[in-house]
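Trainee: Mind looking at a prediction? Sequence and model below.
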Amino acid sequence: MKSCIEFQDRKMRAGVHFTTVLALILLVLWPVGLSARPVGPDKARDVVKGWLKTSPQPLGAGLGRQIERIETFAGEDGQALYYVVYLQPAGYVIVPADDYVEPILCFVETGIYEASDDRPLGALVGRDVSARIAAVRALETTADGGLTLQGLADADDTALKAALTAAGKKWDSLSSASAPVMIMGLPALPEVRVGPLTQSTWSQTTIGSYIGGTSCYNYYTPTPPYYEHGDPYNYPIGCVAAAMSQLMRYHEYPGTYTWSNMPLVPDGATTLAQRQAIGWLCYQAAESIDTAYVSGSSSASLDDAYRELIDTFSYSSTTIARNPAVGTTLNKMVNTNLDAGLPALLGLYGSGGHAVVCDGYGYNAATLYHHLNMGWSGHDNAWYALPTVDVSPAYNSIRTCIYNIFTLGVGEVVSGRASDIAGNPIPGVQITATPSGHSPRYATTNARGIFAFAHLPSNRYITLTAAKSPHTFANKAATTGRSSDYGGTGNVWGVNFVSTATTPPTAYSGSADAMAGATTAITLSAGDDGRPNPPGRMTYKIVQLPLHGWLSDPVGGKITTVPHTLAGYGNVVNYRCCPYYRGPDEFYFAANDGGTPPAGGDSDPGVVTVDVDNVSYTTFAPQTGWVAPWPMYTSYEDSRTQVIYLSSEIGGAKTITGLALDVYERPGYQLNYWTIRMKHTSRSAFSSPPYFETGGWTRVYFNHEGRPTAGWYQFDFQTPFEYNGTSNLMIDFSHDNRSYSYEGTCSVSDMGMPPRVVVEVSDSMHGEPITWNDNTFFPYYPSYATAVPNIRLKSQAGGEPLAADFEPDCSVNAIDLARLCDAWLRGPGDAGWDTHSICDISAPPDNFINDLDFAAFAEYWGQIAE
C-alpha cells in the first residue's frame, strides 16, 4: 500500500507550501478478468445487502449486518475480478464481478482477507473466480436474453447454461431494492446440514499466528541456527501437519495422547503443558510426513498424510483421490463423510498447494456451501460455494481429497435425508439398510433429518426403508462401489426419503434486525406440503406479541390482541419499538393451510427474534487502496486537518456519538491533546488560498490518545453532535505533541477538485493548533488536498425514557411495578441503592423510595412510549 499523497520534503518545516502528488495504487491479482456481464462495487453492495436481508445469519455465521467498505481486486487486464465486502462489526463476503457467476462466493466471520497465493483462501478465490469468469467468456447473449455456449460439449453446455442462468436470476433477486427488510429464511430448506465439526482454531506456528508470539504448534520444530524448544521463531509445522493435527484432535484418536490437555482455541491463558501437548502432536504429524522445514513456509504432501494416518497414527482406513471432479463426485466423497460425522482433508491448488479440513456443509438460497477450516488460527475459515460445474478440463480448485478416514473399520458410506413434501426435515425416522448377503443396519435421522451408514460392504446392492408414524415413505435402493486410492469412490450420497403424508405447514423461525424508533417490515415464512386449501395460499396469524415493541398489519393497522390473522393472505408484519430501547425482542406466529387436523390446519408456532439496536453507522469510504498521513501527522510535533463532508455523504439527521478512522499504518508517536471538533457549514469546498475556520466549533472528543492501531479505530465522543441532516459537515482534527516520530497513515478517497481538505503542520513554532488561523503562517498559507479521510460515523437514536419505565421496554407495566416493590423503603446506604435509586421519581427526588414515588408511578401506569 502506498500513500496516495506525498510531500516533497517529509520533514519540511511549517510554513512552506506542500506539493500534492496523486499516485494510483495497482493491485496485482489473478489472471482472466474479462466478464461477459461485469458488475461494479455498487451492485456488489446491493447484492450483499439483499442477501443479508434474506439470510440474517447465513448458515449460523455471526456476520455483521451493515456494510463497512468494499475492496476491489482486479485481474492482470485491470478489470475488476471480484469484490470483498467488509461488514460491521465483523466478517466479509466475497462477490465475483460478473452476474453470470454465483453472487455469494464465500463468507467469513472474522479477519481481513489477503489476496495472496500463500494464504489458502486467497489461493482458492483467485483460481476459482478466474476459472468461472473464463467460462463466461465463452458465452454470447442472444437477443432474447438466452445464452449460447461456444467450444463446450453438449452435456457441459446444458449444465453450464443452467448454472449461469440461475446465477443471473439470483443476482437480480438479491439486488432488488424492493425487498422487505428481512425475509425469513428459504422455505423447505434448512440451512446447515452438518457442522462445522472441528471447532478448533489451530495454526502452524504461534498462538494467533503472531510473529514472535507464544510458541505452540511449532514448539518442537527446528529453528536456525540452534534447535530450542518453545522458540516462537521455530519453523512452521506446515499446512498438511496442521490439517492432520486438527483432524486427529476432532477424533481424539489415537489414544496415546492426552486430548483433554489440548484446548480447541488456544489463547493467552493456555498453559505451558497445554502448548507442549499440542506442539508434540503437531511435531509428530509433521515428522511423519517428512516435512521440509523452511522459514515462513514448511511443506509436505497429502499423499504422505493419507498413508501416515494409518502407518503412524493407527487409523484403520483412508482413501485418497486426485483432482476429484467438482459437483457429484466430490459430494459423494465429502458429503457422505460429513453426514457420518467424519471431516475430510482437501488439498487446494496454490503456491505449493494448501491443505485444509472440510468439516461442514449446508444450503443457502439453494446454493451448496462447504465449511473449510483453513488452519490459520481461525482466520479465513469460510463457508465456500465450490463450483458445481467443471468449467474446463484443465480446471479444478481441489487438487486432493482424503476421505473415508476411519479410526476403526473399513468400507463405504451411504447417507441421505428424510423430509416432508415441502422439504422440511423429519427427525427420528428409523432407517434400515440391508446390503445383499448381509444383516440389516439401523440408523435414526437427526434433528436436520440426516442419516448415514458407514463401513458398508463394497460393490453391494442395498435396500433402504424408512418408518415414522404418521409418515409414509417409499423404499429406496443404492449400490455401493469400491473406493480406491487415486480412483473412483464407492460412497453414495443423497438417498433421500420424502414423506407422502399430508401434514400441517411448518412456520420457519428466524431473526431480524430493527432500529429503535424506526419501523421494520418483516416477512414471515412457512412451508407446506403443497396441498393447502385453497391451493398455494396460506394465512398467517400473530399468536404472541413482542414485549418491547408493537406490531401492525399493513392492511389492518396496529395489532392489539392475539391471535390476529393478517388480512388478505398477507405475510408481512411491521415491527416498531420506542427510540430508547436496545436489546432482544421476540414474537410468535403460526401459518394455516386451510386444511383439517391432523393432515392440515395450524402449524406449530414459529418465533421471530428481533435484535433491536439504537446505534447505527454511516461509512464514508467511496474509495480504498489510497492512504495519506492526515490527520495523524506525527512526523511533526503539531498538526491540524479540516475536512468537509457533504450532506449527501453523511445521510439524514442524527445524533453523532462517535467517529472512526481507517488506520493503515500506526503513527510512530502518541497523539497528545488529540481534539476532534465538528460544525455545520454551507461550504462544499475550500477556496484558494485556504485557511482554517476558527468559530462555531463543538468539541466532541479530547484525549491524550495512545498510538491508534491499524483498522477502524473508534473515538467515542464525550459530547454528542446533533447533525441536522441538511448542512454539510466540517470536522477539525488536531494534535499537539512535544516530539515527533514517523507519521501514521489513514485510508482516504480522492474526491478531486475543488479541494475539501486543509492541512498544516508545525514543530511547536506556532502555538496550539486549535488556535491556528489565516494569519498564523503569513505570508504562507495552509496546504489543501483532495484526499478526504475515510470515516465511519456512529449515531444513536434518542428519546427520553418514561420516568417509570424502570426496565426499559417502552411501557410502564407490571415488570416496572415489581422493580418498584423491590426498591420499596430503601435509601442511600441500603444494599443495592445504586440500582434502586432509579425508582426515586418523586418531584423533587428525596433519596427514599416511598408513597411519593408510588403516586408518581401511578400517573405513568399503562403509558406506552411511541
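Mentor: Yep, it's here.
Trainee: pLDDT on stretch 765-776, on average?
Mentor: Here stretch 765-776 scores 89 as its mean pLDDT.
Trainee: Quick check: end-to-end length of it?
Mentor: Its first and final residues considered, stretch 765-776 spans 10 Å by C-alpha to C-alpha, to the nearest Å.
Trainee: buried ones in that stretch?
Mentor: 766, 769, 770, 772, 776 (16 or more other C-beta atoms under 10 Å). All C-beta spots, glycine's among them, are computed from the backbone N, C-alpha and C.
Trainee: which ones among the residues you listed are found in helices?
Mentor: If you go by DSSP state H, the buried residues of stretch 765-776 have nothing in helices.
Trainee: Can you give the contact residues for stretch 212-225?
Mentor: With contacts defined as C-beta atoms under 8 Å, 6 or more residues apart in numbering, stretch 212-225 is touched by 202-208, 229-237, 242, 245, 266, 268, 270, 275-276, 278-280, 282-283, 286, 293, 295, 298.
Trainee: And the buried residues of stretch 765-776, which is closest to residue 403?
Mentor: The shortest approach to residue 403 among the buried residues of stretch 765-776 belongs to residue 769, at 64.0 Å (C-beta to C-beta).
Trainee: from the contacts of stretch 212-225, which would you call buried?
Mentor: 202-208, 231-232, 234-237, 242, 245, 266, 270, 275-276, 278-279, 282-283, 286, 293, 298.
Trainee: so where does residue 758 fall, helix or strand?
Mentor: strand 757-762 (DSSP states H and E).
Trainee: next SSE after that strand?
Mentor: Next along the chain after strand 757-762, taking DSSP H and E as the criterion, comes strand 783-785.
Trainee: Just list what that next one packs against, helices and strands only.
Mentor: The contact analysis (3 or more C-beta pairs under 8 Å, 6 or more residues apart in numbering; DSSP states H and E) places strand 783-785 against strand 757-762.
Trainee: if we look at the strand it packs on, which residues are touching it?
Mentor: Under C-beta under 8 Å, 6+ apart, the answer for strand 757-762 is 14-15, 18, 630-631, 633, 635-644, 686, 690-692, 769, 772, 776-777, 782-789.
Trainee: Measure how buried residue 683 is and give me the count.
Mentor: 13 (other C-beta atoms under 10 Å).
Trainee: Once you drop chain neighbours, what's closest to it?
Mentor: residue 644 (5.8 Å; C-beta to C-beta, 6 or more residues apart in numbering).
Trainee: Hmm, residue 658 and residue 712 touching each other?
Mentor: No. Under the contact definition of C-beta atoms under 8 Å, residue 712 does not touch residue 658, with a separation of 10.8 Å.
Trainee: In the stretch 501-650 of the chain, mark out all the helices, start to finish.
Mentor: 647-650 (DSSP state H, counting those that start in this stretch).
Trainee: Any stretches of it with poor pLDDT?
Mentor: Applying pLDDT under 70 to the stretch 501-650 of the chain flags the ranges 530-536.
Trainee: and with 50 instead?
Mentor: Nowhere does the stretch 501-650 of the chain drop to pLDDT under 50.
Trainee: now do the stretch 201-350 of the chain
Mentor: Judged by pLDDT under 50, the stretch 201-350 of the chain has no weakly predicted residues.
Trainee: What distance do you get for the residue lying farthest from the centre of the chain to residue 513?
Mentor: Most distant residue from the mean C-alpha position of the chain: residue 779, 52.8 Å away (C-alpha atoms, centre = their mean). Taking C-beta to C-beta, to the nearest Å as the measure, residue 779 and residue 513 are separated by 55 Å.
Trainee: do the same with residue 845
Mentor: Per C-beta to C-beta, residue 845 is found 37 Å from residue 513.
Trainee: Between the two, which is the more surrounded one?
Mentor: Shown here are residue 845 and residue 513; by other C-beta under 10 Å, residue 513 has more neighbours (17 against 13).
Trainee: right, and the more buried one touches residue 611 too?
Mentor: Yes. Between residue 513 and residue 611 there is a contact under C-beta under 8 Å: 5.3 Å.
Trainee: Wait, a strand at residue 336?
Mentor: No. Counting by DSSP: H, G, I helix; E, B strand; the rest coil, residue 336 falls outside a strand, being helix.
Trainee: low-scoring pLDDT stretches of the stretch 351-500 of the chain, where are they?
Mentor: 391-394.
Trainee: all strands of it, in order?
Mentor: 354-364, 367-373, 382-384, 398-406, 412-419, 430-435, 441-444, 450-456, 461-467, 476-479, 492-498 (DSSP state E, counting those that start in this stretch).
Trainee: Relative to residue 663, which of the ones you listed is closest?
Mentor: Each of the strands of the stretch 351-500 of the chain has some distance to residue 663 by C-beta to C-beta; the shortest is strand 382-384, at 25.7 Å.
Trainee: For the residue farthest from the centre of the chain, which residues are in contact?
Mentor: Contacts of residue 779 (C-beta under 8 Å, 6+ apart): none.
Trainee: and it, how far is that from residue 689?
Mentor: Taking C-beta to C-beta as the measure, residue 779 falls 10 Å from residue 689.
Trainee: quick one, what contacts residue 261?
Mentor: Applying C-beta under 8 Å, 6+ apart, the residues near residue 261 are 273, 274, 277.
Trainee: before we move on, what SS does the first one have?
Mentor: When you say that, I think you mean residue 273. Following three-state DSSP, the label given to residue 273 is helix.
Trainee: Same question for the last one.
Mentor: Reduced to three states with three-state DSSP, the structure at residue 277 is helix.
Trainee: The stretch 201-350 of the chain: helices as residue ranges?
Mentor: 239-251, 272-288, 302-311, 328-339.
Trainee: closest to residue 620 out of these?
Mentor: Per C-beta to C-beta, nearest to residue 620 of the helices of the stretch 201-350 of the chain: helix 239-251, 38.8 Å.
Trainee: Include neighbour count and distance to residue 762 when you put the contacts of residue 261 into JSON lines, please.
Mentor: Shown next, in JSON lines, are those (neighbours: other C-beta atoms under 10 Å; distance: C-beta to C-beta, whole Å):
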{"residue": "273", "neighbour count": "10", "distance to residue 762": "55"}
{"residue": "274", "neighbour count": "17", "distance to residue 762": "53"}
{"residue": "277", "neighbour count": "21", "distance to residue 762": "57"}
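Trainee: returning to that earlier point: now the strands of the stretch 351-500 of the chain in a markdown table, with mean neighbour count and distance to residue 576?
Mentor: Listed next are those as a markdown table, based on neighbours: other C-beta atoms under 10 Å; distance: least, C-beta to C-beta, whole Å:
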| stretch | mean neighbour count | distance to residue 576 |
| --- | --- | --- |
| strand 354-364 | 24 | 29 |
| strand 367-373 | 24 | 33 |
| strand 382-384 | 27 | 33 |
| strand 398-406 | 24 | 48 |
| strand 412-419 | 27 | 36 |
| strand 430-435 | 19 | 47 |
| strand 441-444 | 15 | 44 |
| strand 450-456 | 23 | 39 |
| strand 461-467 | 17 | 46 |
| strand 476-479 | 16 | 49 |
| strand 492-498 | 20 | 41 |
